[in-house]
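**Student:** could you work out the structure for the sequence below:
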Amino acid sequence: MNIRNIVTPLCACLSLGVPFSHAMDVELGGFLKMNARHVNGDVAFQDSWTGGGSVSEPTKRTQFSAQETRLNAKVSSGDVSGFVEVDFVGSSQGNAIISNSYSPRLRHAFIEYQDVIAGQTWSTLVNTSAFAETADLGGPLVGQAMVRQTLMRYTYNDWQFALENPYTYGTTEDPSLNNESEWIDTRNDYVPDFIVRYNTKGDWGNVSASGIIRYLDPDDTQQVSTGISLAGKFHTFGKDDLRMQLHYGNLGRYVGTDAAKDIIEGELETTLSAMVAYRHFWNQRLRSTVFFGHTATEVEQTRRSHVGINLFTNLTPQLTVGFEVGQYAINDKNRPDMSVPVENGQSQYLQFSMQFFSINEDDTEK
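**Tutor:** Predicted coordinates for the structure are as follows:
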């Protein structure tokens, strides 16, 4: 929905101080989404599979939800634009007994001026075109880079340079607790993460290559971590496409969505993550995606994977429905320093989704 060239005191107030006489472009967007999800297995139920999760007693659970509904607005004036977006994921306020209320959560809030972006949005490490079209909100998150955070990014031709919010996620040994591990104190996160990315595209699709350097200083250990990331979308036959991601290094929280930590008991974690998804169009409106994601870590010895296949169609140009079946698995290995065996498990899921309004078939941003 576009509201063009609005010149009113109201829009002037919304335009962050632009004089009343300036014309504003306001674009409203988002979608309404309903999910019906059934999970059966011994990995605990999640609304969408992250790279985390825990093993539980075998359970069967069905949940209906509209919390993925999303609303956004873009306001533009000359070379300046602002974008804000909220949804309701993971923020339950009420309960299933009475209201099923959900609080809005901030997804994006950033200002763009010429070649500079400042605010909260996708990390520069994230190539959204490499996300698979899935009913599960994140798709194979376990093999993907998928982080939103506050940053400052400069784009020069095909290059991007960014300073992003520092945060160390992991554990450290505490001698006072007989060398038992405890969560890292993040008060020593004082050097921004630095990311460089190169993009190239053509009729064949697009590819991004990124590198990240981080200075992590929990307990004054002063460690430098690095990692690399490749991601892209490739056109194949007809309207079909192949989407891939590959990540390696000390990437920690940037990949796998809780499948890996930055530091384990004071030691930098090394992660290998990968995702591949192929989308095939059966006709103009009917399409399927088969996908697989996996993350493996060296220190903590986690092994997490997600595989699935789906079928989507457009009942109208603005109304999409889809079915998806898949499996999420935890196959962690025993660490040499652990006397307690690691628990492993897997859960199968079936999901139906219905989504209405503003995204088209090529807009698979999660």
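**Student:** OK, contacts around the closest residue to residue 49 other than its chain neighbours?
**Tutor:** Of all residues not flanking residue 49 in the chain, residue 328 sits nearest, at 4.4 Å (CB to CB, 6 or more residues apart in numbering). Backbone N, C-alpha and C define where each C-beta goes, glycine included. By CB atoms under 8 Å, 6 or more residues apart in numbering, residue 328 lies in contact with 43, 46, 49, 53, 142, 304-306, 346-347, 349.
**Student:** mind checking how far residue 328 is from residue 294?
**Tutor:** 11 Å (CB to CB, to the nearest Å).
**Student:** now swap in residue 145 and tell me
**Tutor:** Distance, residue 145 to residue 294, using CB to CB: 14 Å.
**Student:** before we move on, the earlier item: and the helix or strand hosting the residue nearest to residue 49, what's buried?
**Tutor:** If you go by DSSP states H and E, residue 328 is part of strand 319-330. Within strand 319-330, the residues that count as buried by 16 or more other CB atoms under 10 Å are 320-324, 326, 328-330.
**Student:** neighbour-wise, which of residue 145 and residue 294 wins?
**Tutor:** The residue with more neighbours, out of residue 145 and residue 294, is residue 145; 30 against 22, by other CB atoms under 10 Å.
**Student:** rewinding a little: which residues do residue 145 and residue 294 both contact?
**Tutor:** In contact with both residue 145 and residue 294: residue 273, using CB under 8 Å, 6+ apart.
**Student:** end-to-end on stretch 234-246?
**Tutor:** For stretch 234-246, the first-to-last residue distance is 14 Å (CA to CA, to the nearest Å).
**Student:** tell me the bridge partners for residue 209.
**Tutor:** residue 198, residue 230 (DSSP bridges).
**Student:** and the helix or strand where residue 214 lies, what does it pack against?
**Tutor:** Using DSSP H and E, residue 214 falls within strand 205-216. Using 3 or more CB pairs under 8 Å, 6 or more residues apart in numbering; DSSP states H and E as the contact test, the elements touching strand 205-216 are strand 193-202, strand 223-235.
**Student:** at 10 Å instead, please
**Tutor:** Judged by 3 or more CB pairs under 10 Å, 6 or more residues apart in numbering; DSSP states H and E, the packing partners of strand 205-216 are strand 159-164, strand 193-202, strand 223-235, strand 241-249.
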